[in-house]
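1. Pasting the sequence and the predicted coordinates here, then a few questions.
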Amino acid sequence: MTSAYLGGCSSVYDQRCLDGKVWYIKLRWLWWELVLPHDLGCLFTVVETLVEGIRSTLEISSRGFQVNKPSTKAIQSPDGDIIDCVMFHQQPAFDHPLLKGHKLLNAPKSPREHNQTRILSDNFQLWSLSGETCPEGTIPIRRTKEQEILRASSINKLRRKFNIIQKDTVSNGHEYAIGTVTGDAFYGAKATINVWAPHVETNPPEFSLAQIWIVAGTFGTDLNSIEVGWQVYPAMYGDSQPRLFIFWTYALGAVQTSTSLALGAAISPTSIYNGQQFEINLMISKDPTNGNWLLKFGSNFNEEIGYWPSSLFTHLNDKATMIQFGGEIVNKKSTGSHTSTQMGSGHFAEEGFGKASYFKNLQVMDSNRNLISLPNLQVDADNQNCYNIQAGTNDDMGNYFYYGGPGKNDKCP
């Protein structure tokens, strides 16, 4: 265990440390990592990074919130992460202006479940394997490191929204293998998601993820989405481990209630090619009593991770009109060749169980809050020579699909 504080202020990017200590660390890091290994031609990049960092600092300060909050206890994870035990009412969500004075709600109603799924373990985060827990009244929050904020360079990038698939638009390097369900009204979705640790290119920085999208509104500036799954993003986290994430992991608004899971923390174990498979169960559902969107996990979805208050949304405050499941990577190669960043297991869908990554037991929630089989699942992949997807239905896996691929290969040069 390590102390949560150093020298009277947080050892991470805390409002109390914006007086010079953090900028000394940033300047020192920039000098040793960017300037000295190269020539002075990179000085412009250094200055640009500093300007973005200063801008993000001013934005953080003006918004009046801290990336890391004071903790009552700090837990050291084997992977180097520090998990801070933060009082529930002091979590970053309550810095959102729409949530001032927000109170913890009573336990929400559970939906009527169909086809319960099996999971290898409900205790799937590396930091918690030692058995150490946070005290009563606190929640575990992964401590954000100075280097992560520096890599992100601005608060806007920290909160950057991952693209939602819209056909006939420029992908900006994002490639997908996804299943989509559209309709008049959905009030939730669930999936069992196979977890892997795909290879992800770091120069330039890329990511690979598997997630559920809950969507409403119109594409463009008036789109609401909730996104939940696992993600490998070395440029953000500094390693290649799959991590539990939600859209808004780094931003305000999503209220955490779980005392056993930390958003952004590493998932362990992961699946082994032609060996044991590891999977997590995730469900998002709209509470009929207050309109909040709830996030649950576990074999029987019996533990709540948290919720998104309905007041945060302009369209999802009512219902969702599209549900998506699947994988996404970003390809930033500018040389004409495709990235070797993998999606899923890094193997194509046709290899099947134990080799290809999968989503299974897919269901959506109707207006009666019943979980039902997918009415009109459409699967698609942007470039099937790089990543593909194959769907099916059976008694063991319900509605399912295999997906993924290696990226660059003989057919995807």
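-> Received the coordinates, thanks.
2. Now Trp230. Nearest residue, chain neighbours left out?
-> Nearest residue to Trp230 in three dimensions, chain neighbours excluded: Pro242, at 4.4 Å (Cβ to Cβ, 6 or more residues apart in numbering). No exception for glycine: its C-beta is placed from N, CA and C like everyone else's.
3. One more: Ser260?
-> Of all residues not flanking Ser260 in the chain, Ser128 sits nearest, at 6.4 Å (Cβ to Cβ, 6+ apart).
4. quick revisit: so how many other residues sit close to the residue nearest to Trp230?
-> By the criterion of other Cβ atoms under 10 Å, Pro242 has 24 neighbours.
5. do you know how far it is from Gly392?
-> Distance of Pro242 to Gly392, given as Cβ to Cβ, to the nearest Å: 25 Å.
6. quick one, what contacts Gly354?
-> By Cβ atoms under 8 Å, 6 or more residues apart in numbering, the contact list for Gly354 reads Tyr273, Asn274, Gly275, Gln277.
7. what residue ranges in the stretch 101-250 of the chain score low on pLDDT?
-> Applying pLDDT under 70 to the stretch 101-250 of the chain flags residues 101-123, 147, 149-171, 248-250.
8. Can you list the residue ranges for strands in it?
-> Secondary structure of the stretch 101-250 of the chain, counting by DSSP state E, counting those that start in this stretch: strands at 138-142, 174-186, 188-194, 208-217, 223-232, 243-246.
9. can you list the ones you listed in JSON lines and add mean neighbour count and distance to Pro269?
-> Below are the strands of the stretch 101-250 of the chain laid out as JSON lines (neighbours: other Cβ atoms under 10 Å; distance: least, Cβ to Cβ, whole Å):
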{"stretch": "strand 138-142", "mean neighbour count": "23", "distance to Pro269": "19"}
{"stretch": "strand 174-186", "mean neighbour count": "19", "distance to Pro269": "24"}
{"stretch": "strand 188-194", "mean neighbour count": "26", "distance to Pro269": "12"}
{"stretch": "strand 208-217", "mean neighbour count": "24", "distance to Pro269": "16"}
{"stretch": "strand 223-232", "mean neighbour count": "23", "distance to Pro269": "13"}
{"stretch": "strand 243-246", "mean neighbour count": "24", "distance to Pro269": "14"}
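10. Export those as a markdown table, with columns for distance to Thr259.
-> As requested, the strands of the stretch 101-250 of the chain are exported to a markdown table (distance: least, Cβ to Cβ, whole Å):
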| stretch | distance to Thr259 |
| --- | --- |
| strand 138-142 | 6 |
| strand 174-186 | 29 |
| strand 188-194 | 22 |
| strand 208-217 | 23 |
| strand 223-232 | 19 |
| strand 243-246 | 15 |
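11. Indicate which one of those strands is closest to Leu295.
-> Leu295 sits nearest to strand 223-232 of all those, at 6.1 Å, using Cβ to Cβ.
12. and the closest one, which strands flank it?
-> Sheet partners assigned to strand 223-232 using DSSP bridges are listed as strand 208-217 (antiparallel), strand 243-246 (antiparallel).
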